[in-house]
Structures are given as structure tokens and as C-alpha cells.
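# below is the structure, and that's it, no one-letter string:
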């Protein structure tokens, strides 16, 4: 074997390049957002930008360490790693709370969040477990063990409480879906308990996760839009209710995807593609309309409760305060933005958008670089995710593939929720934007996560199975 | 089960979210302007900096209107922590109730607005904004309060500037400032609610000059509404510019002296520099200290008091009070008679008391003596010759031509019309012409005998004290005048163009000589009616007047100019219900002349005599002159 002299030979430079690009833009962005004229040097370690450079360096060093370790250990030590992080999650519950949550372990400001590392541990454990299961022979036990691996840490995280990371853990369900761990045994058990029904498998059971998420996603968007009214520039005076907007977007996407899929699929499949799109479109419109009208038929106090959860309430101290200001920052960027260090709403010193260097880091970016800059960021994430999935699909080992999917889904979740709350399409849940948000724990955990993937990928040819 | 397809489900899902986000971003950032407005609302503040108003100097360079710093006690509710209302009330010297009420008032005073998005009415009041809790505290008051403010977070002091009058005089000249009304804010975008605007006098007339230019500073503000930095490095900022200083022709010491002399009297003094038309003093009595009308607090307290005051101190008497001029009018009749050639300086008329009454005096054998004695029949004859010149056969038609001719002369002396000047609140007075009497009596039904009372300045004729002083100025200049005005120079640009234009009366300079001689005799010769106007070392030319008043005691009038050789001051004194002009108005005029020309009044006895007189409730009714 020529393993030693080929340490960097099979590295996926695309992935590495994208991550490095993000880290560099991230530092520049934190520098701009948190800029303090009294400390102009970017290397001033009393400032957040100086610290961010330090965290990036530490993360890259950890990445290097990870890269020097043989990737075999993750599969071998999946359970000890999982149990170690799990015990940290328990220990953290006995620490004094910081900002109302028991999430930090460590001394002073140099703490870490065990939940961040639990994501990696769970990804490894889940990959290890699923790769050992024969999907074709799965039963109730398989589902329950897989669910337990994901859901037990979720319970502990909810106890902290850390709603953001809790939500992120549901990304593992997508991985389970991709790997064919279905909810069918559960669904069948329930369905078949009705007398006279004997199904061997259900469509809903096997596609349970994406359907559930699509419905939730659509409902949340419809609810968020339910109060908005749009006036089109070419149709002044006509107010279009929010859910019509949602339905229009769905329709446009359906038409687009029809042409794309028609072009991609074989001739004999076309009628099936058409049917799927029509069905999907009809169902989406029905869900959106139904949610909209059932919401408006609710009693006021019920509406209030839902609005509070979604952050729609006009409340100065509530969550909508942040969301509204974040959206103002993003929306005021215009096409080309206000220019570097010119953010007036999102700058940390102005404090209009709280946490604009961490959870709302997208604000200064979008305000300073406008739609052009936002597009670059969204495209970078799309490239990253597509690249990870390409990497996942080329793995010979199931463990590697599943792990890659875990990484993809975790990053996707952070991307979707974080940017979503900046543009009013997701409820305000405090989770960082990977590689951009200020903060050590998130940077370190994402770097380790990515470098493990890079290492696994670079050693994919060594794996026989 | 084919799991290969599922990777596409995930890919599509990821790309779907990405494209939805891009669509949304495009909509928010490029299409929809709502968020740009919202961002401006949140972070960018246009801070307007109001400069202090332009200051005003008198003719000797003394500051007569200046700015004084005051403090507002501000409150920002957001920063209030556990307010000890009782202790705070004690610090202010208020009741707890009043403190609570004040909070409520501030909130209510800001009003409400309709929020289109939520479809609800919302308060304009914002907790994170600073509002004045107490306005216009003096430096003494704030130095008492300020040291204790750290016990009350959320309260702080803020410096503002307001008018101040170092000399407690000239209130009727300077006018006052008050907060702009809603209509004014809508009409002129210069103003914002709470700004001050000139309400009367010079402050009102020169509002556009005195207010200066507001500076606009665009700042990026923090969530606490504190300015963090200037927006775009101050590229769009403009500097505030104080309005130019006004230099007046007014002599503030003369003005204050005049107000002092006029205490306990009703009436006015107007003094003009004949060579320039600059008003040297314009006393309106009763008067008030202009400092009473500075600031919202004072205005609220004092305005209604001044309005309700019996003496009507806010009424601009020198400009708006239209009095019958009385005997001073005889000077104009003489001038017109001479110009028309119907009399000569040597004309003599008997003192026949049949048509108009008169006092006992020797017969006037010439015009100067007629003026000296102020002989009513004399001017009755003069006027008859002016009106009835025999140009038409019909007496009525003849009177019509004569009156309109006379009317044109009178108007050339600046009467019967408002001056185009920087004094606001002026009334035109009244000079009748044929149309006026036609309306009264009917066409061709009146002749001189009908309107004879105007020959001695009674009847329909009405003149304001400012116009009376201007008559004196015209006589001093022998036939011309500059429109009487206050401001000699705006900044260093000189006065307004209309004050640089000489107006000529229709009487030639030569005819003024006998009139001036007559006025000298009034003061200095035996039998003169205004001997109390004499000043040692200065030749004062004057003319008494006694204006009949149907409502009570006659008004005492005196106009004068001095020195005779080179007149530097023309003056009119009008004292309501003070009787014969020579008794009170003449000595008052002489004191003013002496004060102005010599800076000091030697004759303390005369000064006390005038100063201490209380003519507000005169019962006695002396004989008319």
C-alpha cells in the first residue's frame, strides 16, 4: 500500500476549496459586521474578528489532526465516541445556565457546546449502525434502534433547552430515508390494527419522512405568509394574499420541473413524470390552501399561540422584533448592496439586529453585498451540498456514504433554517450558519465533521466492502 | 425497493429550497422597497440641527435681541429603572400626581398613527426615544436638579437656545417666537413640530432671514437611538448656518427711556431719523418686558394675561391706532396752501370763532404766527381756499375738485396708506376723498362747509402715530422721506431695496421755510402753544395737537424735529386722554430729543414731571385748542 505517500493524493479539492472559500468570506464578514474603529486591526484578538481568526486556525488545526488519523477508527470506535459525547450532554445539564440554557461546558468564555459534537457522534453512530443492517430484512427493531440513536440525544438537548440543535437532529431522518430505513413497520402496525386491513407495505410509510417534511415546510411557509399581502408593481391596487403567492411559486416550480424532467427522462417515463408532477402540484396547492383557511378559521387565542411560535407577533421584545429587523437589513441591501463595512442596520455596533455576528450573520452579508452577494452565498451552499452528495454517492462503503449524507443533511438544515429566518421563511431558531457565524464550537464541529468526510473520501479506495 | 431514486429526492429538495430562497431574496432585495424604507426607519436618522436665530443689534452696536441657553429635562422611558416617583417628584418640587400626569401627557401629545400592516392604531410614542419631560429650565434650575439625576436613570439634560432681551424694552418692535402650528409645518417644509417661528414684529417680518439654515446630518443610529457614526462619512450632510445679524436704526437706550417716560400712560412715541427713515424709537404704552414672552412656559403663563390686560399691551398702537391728528394737521394745510398759491407766508386771517372754536390769542398776521397760535379759524380759511378754488361754477363740483387735489397732496405725505416696510401690524389711517363723501352724503350734495372739520385735523381724518412722526420727518427734510423702517442692514448686505427709495411730497422745498419758522415759534416765542418742548442749546421745532375724542378726554399730540438747522430727529408723541398737546406731549418730546441728541437729560425736574404723571384715569376736561 502507498497510503503514507498519498496522504493528500485523493483529497477532494473541490470540497476543500468550497469550505476554505466560506471560511475566508466568513472572517471578512465578521470583521465587517463587528468592526470597531477603535480596534482597526483584523488580528486584534480582543475583538470578535480576531477571535474568529483564532477559531478558524484552531478548527483547521483540528482538521489537520483529523486528517492524520486513520479513518477506520470512526467505524471501530463509533459506540465509544457516541457514549463519550452522550455523557458530556448529561454533564452539561448540571452546569449553571448561561442565557437560560445549560449548553456550555468549559471555563469562562472558552466553553464548548457538547451538542455540537453530539451531531458528529450521532452521525458516526447512525452510519455505523445502518451500515450493519440488511435493509431488505429490516423490522420493527431496526427502526426503533435507529430512532433511539437519534432521539435520545434530542431529548437531552431539549432539556438544555436548545431548540435549534434539536431541530437540526431531525435531519438524520432524511438520512434514514435515503438508506431505506422506513417507518413502514410502525405505519403497518398501526394501519393493520384496523380489522380487515392487511398491507404488506405502504407508500406513506416508506416515504414518510419527505412527505412529512414537505407538508410541514409548506404549512410553515403558508402560515408565515398568511398575514402578508403583496401589491405587484404592474397591478397597483390589487392586493394578493400570501398563500396565493405560495401557490404561484409552487405552480411556477411545477412547470419548470416538468420541462426539466421531460428533457432528462426517457420517453416512456414521460406520462409517469407528468402524473407525479400534477399530483404533487395538486396536493401542494391543497395543503397550502387548507392550512391558510384552517388557520384563519381558528379562534384568536389559538392564532396568537401559533403566531408566537412562528415569530409573527408584533411584539417589541418578542422574536418578531429580531426577524423584522433582520429582514429589513437583508431587504435594504438592494441589487449590489451598501458596500463593505457599510451595513447600517446589521452592524454589531448599531445593535438593531441582535446576534448579527452569530445567528443573524447573513444580515450584514446581504446588506453589504446585496442580491449579488446573497446569491453567491446560496450558490456556495448549493455547491457544497451537491458536492457532498456526489462524494456520498461514489463511496464504496455504506458507512462512508451514510456519514456523508449525515453531513449533507446537517449542513443543509443549518443553511435552510438560518437563512430562512433571515428572510422570513423560517421561524426564528437560533442556529449558526456553518463557516460564517462567529463562534468556536460551531466552527470546530463543522470543520471536524467536514475533515472526517474528506478523510473518509480520500481513503475510499482502501475499503473493500 | 429501489433506493437509488431517493438521492434525487434529496437533491431536488435541497435545490428546491435553494431556488425558493433565491426567489425570495430577489423579491426582498430587488423588487420590494418596503424593507429599504423599514431599514431607513430603523437605522438612519436625519438629524436636523437648528441654528440659533440671528441676533439683532441697535444703531450703536448694542445687542438688543440675543440667544440664551436653556435646558430641557429629557426622559427616555426605556432606560428608566425602578423610578422612585416620590423622590423624583420631591427633586422637581412637584406632586407625585403631577409627575405621573406628565408621563401621560407626553404619550398623548405624540398622537397616534394608523398602521396599514396590522390594521391597528398605534402610538407614535416610542419607549426608546427621548422626550422633553420639562422644557426650558433655567441654568439655575438645572444646576439644582442635574447632580441628582444619576439616581434616576432615563432622565438627562439637553441644551437648547431661546431668545433673550438684555434691555427690557422694545417688546412691540421685536415681536416674539412661538411654536409653529400644524398648518405652518405643512406649508413650509423648513419647520418641524416644536420649532419656533416669529409671531409678531421683526421676528415675524425677518423670519426667513433670522431662522438661518438648518443643518442636516445623516447618522446611523443604534437600537438605543444613539448616533453611532455619520452616514456615508457625512457626504450628504449640510452645516447649520445661523441667520445673519440684523442691525437696526433703533436706539435701544432712547427706546427704554421712552418706555420709562410713558409709564402709567396710554399712547405712543415714534422717533425717526429724517435723513435715513430709520426708526429711532417706537414706544407703545403700556408695554411689557419682552422676556415675558420667551419660551412655551412663559407664553402659556403670560400671553392670556397680556391679552386680557385693560391697557392692551399687545396692541401695536404706533402702527395700528388711528387717531384724529388734531392741530398738527394744520402744518400740512399750510404747505398745500402755499404750493397751490392760495396763500402766502404773509397771509393773515382773523380769529373769527363763528365757524370753528378757538382759544384766546392775538390775531395771526402771517402764516408762522398762525401756526404758533394754532389758530383754528386761520386754518379754516386756508383750507377753504384750498377746497373752494372757484374752478367750477357749482360750489359742490368745485369742492369735489378741490378735495381730490388736496387728497393727492396728503397722500404724497404718506398718509391714508400702509407703508411698505418691515413693521408689521400697520393700519392705513383714513384720508377722505370725494368718493368717500359721495358715499356718505351723495354726489354733489357737500361742499367745504360740510367737511370743514378736516381743516384742523378732526372729523373723518385718521392718522397713525407712525405717520405723524413721518410728517415731522418730511418737514425736517423739506419735502421728502424714506419709508420709515427698522432694519438698517441684514448681515452686511444693507437694508431692503424699498428703503433706499426717496419719496417726494408734492410740495416744493421752498414752502417749508415758513412752516419750520412757525414751528420754531411754537416752542420759543411768547404765545407759542408748545413752549414746554424747548431744550437748552437745541432749537426744537414743534407743533401741538389736541385730538378730540368722542369717548372721553382729548388726546395730547405733539410732533417735532430738531435741531432746526440740521434735523437729526423727527418725533411724534401721542398720549391718550391727556388733554392739551402742550401740557404732556410737548415736554415728553423734548425729553426724548434731549436724550437722543445729548445722551443725557439735564432737566430732571421736567423728567420727573413727565415720568411720574399718571394719565390713565384723567377726569379733568380742559378747554380745547
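All right, it came through fine. This structure is a prediction, so every number in the text was calculated from the model and none was measured.
# sticking with the residue of chain B found nearest chain A, tell me its helix or strand.
Chain B approaches chain A most closely through residue B:35 (2.3 Å), counting by Cβ to the nearest Cβ. Placement of C-beta: from N, CA and C, glycine included. Using DSSP states H and E, the element containing residue B:35 is helix B:34-43.
# contacts for that helix?
Contacting residues not belonging to helix B:34-43 are listed as A:324-325, A:327-332, A:334, A:344-345, A:350, A:352, A:367, B:28-29, B:220-221 [Cβ atoms under 8 Å, 6 or more residues apart in numbering or on different chains].
# pull out the buried positions in the host helix or strand of residue B:97.
Using DSSP H and E, residue B:97 sits in helix B:96-109. For helix B:96-109, the neighbour count (16 or more other Cβ atoms under 10 Å in any protein chain shown) marks B:99, B:102-103, B:107 as buried.
# do a quick rundown of the helices in the stretch 301-450 of chain B.
Assigned by DSSP state H, counting those that start in this stretch, the helices in the stretch 301-450 of chain B fall at B:317-320, B:329-340, B:367-373, B:376-387, B:395-411, B:434-441.
# okay, now the residue lying closest to residue A:446 once chain neighbours are set aside: neighbour count?
Closest residue to residue A:446 apart from its sequence neighbours, by Cβ to Cβ, 6 or more residues apart in numbering or on different chains: residue A:434 at 4.7 Å. By the criterion of other Cβ atoms under 10 Å in any protein chain shown, residue A:434 has 26 neighbours.
# so for the residue lying closest to residue B:430 once chain neighbours are set aside, what's the pLDDT?
Setting aside the residues directly before and after it, residue B:430 is nearest to residue B:462 in space (Cβ to Cβ, 6+ apart), at 3.9 Å. Listed pLDDT for residue B:462 reads 90.
# so residue B:462 touches residue B:432, yeah?
No: using Cβ atoms under 8 Å, residue B:462 is not in contact with residue B:432, being 9.5 Å away.
# give the contact list for the residue in chain A positioned nearest to chain B.
Residue nearest to chain B within chain A (Cβ to the nearest Cβ): residue A:331, separated by 2.3 Å. The neighbourhood of residue A:331, defined by Cβ under 8 Å, 6+ apart, consists of B:28-29, B:32, B:34-36, B:38-39.
# residue B:445 and residue B:400, how far apart?
11 Å (Cβ to Cβ, to the nearest Å).
# in terms of neighbours, single out the busier of these two.
residue B:400 (22 against 11).
# residues in contact with that one?
Counting by Cβ under 8 Å, 6+ apart, residue B:400 has contacts B:434, B:444.
# mind checking pLDDT for it?
89.
# also residue B:116?
64.
# what about the nearest residue to residue B:419 once chain neighbours are set aside, neighbour count?
Sequence neighbours aside, residue B:483 is the residue nearest to residue B:419 in space, at 5.0 Å (criterion: Cβ to Cβ, 6+ apart). Residue B:483 is flanked by 20 other residues according to other Cβ under 10 Å.
# before we move on, the earlier item: how close does the closest residue in space to the residue of chain B closest to chain A that isn't next to it in sequence sit to residue A:371?
Excluding the flanking residues, the one nearest residue B:35 by Cβ to Cβ, 6+ apart is residue A:331, at 2.3 Å. As judged by Cβ to Cβ, residue A:331 and residue A:371 stand 10 Å apart.
# over to residue B:304?
Applying Cβ to Cβ to residue B:304 and residue A:371 gives a distance of 60 Å.
# which one's more surrounded, these two?
Taking other Cβ under 10 Å, residue B:304 and residue A:371 do not tie; residue A:371 has more neighbours (23 against 10).
# gap between that one and residue B:106?
42 Å.
# could you count how many residues lie near residue A:180?
17.
# and the pLDDT at the closest residue to residue A:53 other than its chain neighbours?
For residue A:53, ignoring the flanking residues on the chain, the nearest one in space by Cβ to Cβ, 6+ apart is residue A:27 at 5.9 Å. pLDDT for residue A:27: 91.
# and the next helix or strand past the strand or helix carrying residue A:27?
For residue A:27, the host element (DSSP H and E) is helix A:13-33. Sequence-wise, the next helix or strand downstream of helix A:13-33 (DSSP H and E) is helix A:48-68.
# for that following helix, buried residues please.
Those buried within helix A:48-68 under the rule 16+ other Cβ under 10 Å are A:48-53, A:55-56, A:59-60, A:62-63, A:66-67.
# so among those residues, where is pLDDT lowest?
Lowest pLDDT among the buried residues of helix A:48-68: residue A:48, 83.
# for the closest residue to residue B:364 other than its chain neighbours, grab the count of nearby residues.
Once flanking residues are discounted, residue B:364 sits nearest to residue B:370: 4.0 Å by Cβ to Cβ, 6+ apart. For residue B:370, the count of nearby residues is 30 (other Cβ under 10 Å).
# quick revisit: which of the residues in the helix holding residue B:35 are buried?
B:34-36, B:38-40, B:42-43.
# turn these into TSV, including pLDDT and distance to residue B:203.
Listed next are those as TSV, based on pLDDT from 0 to 100; distance: Cβ to Cβ, whole Å:
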residue	pLDDT	distance to residue B:203
B:34	78	43
B:35	80	44
B:36	80	41
B:38	79	40
B:39	79	40
B:40	77	35
B:42	74	38
B:43	73	37
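# quick check, central residue of the chain?
If you meant another chain, say so; for now it's chain A. residue A:413 (1.1 Å; Cα atoms, centre = their mean).
# wait, chain B was what I had in mind.
residue B:201 (2.1 Å).
# how about the closest residue to that one other than its chain neighbours, what does it touch?
Spatially, and ignoring its direct neighbours in sequence, residue B:201 is nearest to residue B:175 (2.6 Å; Cβ to Cβ, 6+ apart). Contacts for residue B:175 (Cβ under 8 Å, 6+ apart) come out as B:198-204, B:424.
# again, only using 10 Å
Taking Cβ atoms under 10 Å, 6 or more residues apart in numbering or on different chains, we find residue B:175 in contact with B:65, B:163, B:198-207, B:290, B:293, B:316, B:424-425.
# wait, doesn't residue B:213 sit right on residue B:54?
No: taking contacts as Cβ atoms under 10 Å, residue B:213 lies outside contact range of residue B:54: 11.0 Å.
# anything in contact with each of these two?
With Cβ under 10 Å, 6+ apart, residue B:213 and residue B:54 have common neighbours B:242-243.
# what's the closest of the helices of the stretch 301-450 of chain B to residue B:131?
Residue B:131 lies closest, by Cβ to Cβ, to one member of the helices of the stretch 301-450 of chain B: helix B:317-320, at 39.7 Å.
# for that closest one, packing partners?
Helices and strands touching helix B:317-320, by 3 or more Cβ pairs under 10 Å, 6 or more residues apart in numbering or on different chains; DSSP states H and E, are helix B:171-174, strand B:267-273, strand B:278-285, helix B:465-477, strand B:569-575.
# okay, those in TSV with mean pLDDT, distance to residue B:363 and mean neighbour count next?
Output for the helices and strands packed on helix B:317-320, formatted as TSV (pLDDT from 0 to 100; distance: least, Cβ to Cβ, whole Å; neighbours: other Cβ atoms under 10 Å in any protein chain shown):
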stretch	mean pLDDT	distance to residue B:363	mean neighbour count
helix B:171-174	89	44	26
strand B:267-273	94	33	29
strand B:278-285	92	38	28
helix B:465-477	93	25	28
strand B:569-575	93	29	31
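# can you redo those as a markdown table with distance to residue B:385?
Listed next are the helices and strands packed on helix B:317-320 as a markdown table, based on distance: least, Cβ to Cβ, whole Å:
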| stretch | distance to residue B:385 |
| --- | --- |
| helix B:171-174 | 41 |
| strand B:267-273 | 31 |
| strand B:278-285 | 35 |
| helix B:465-477 | 21 |
| strand B:569-575 | 27 |
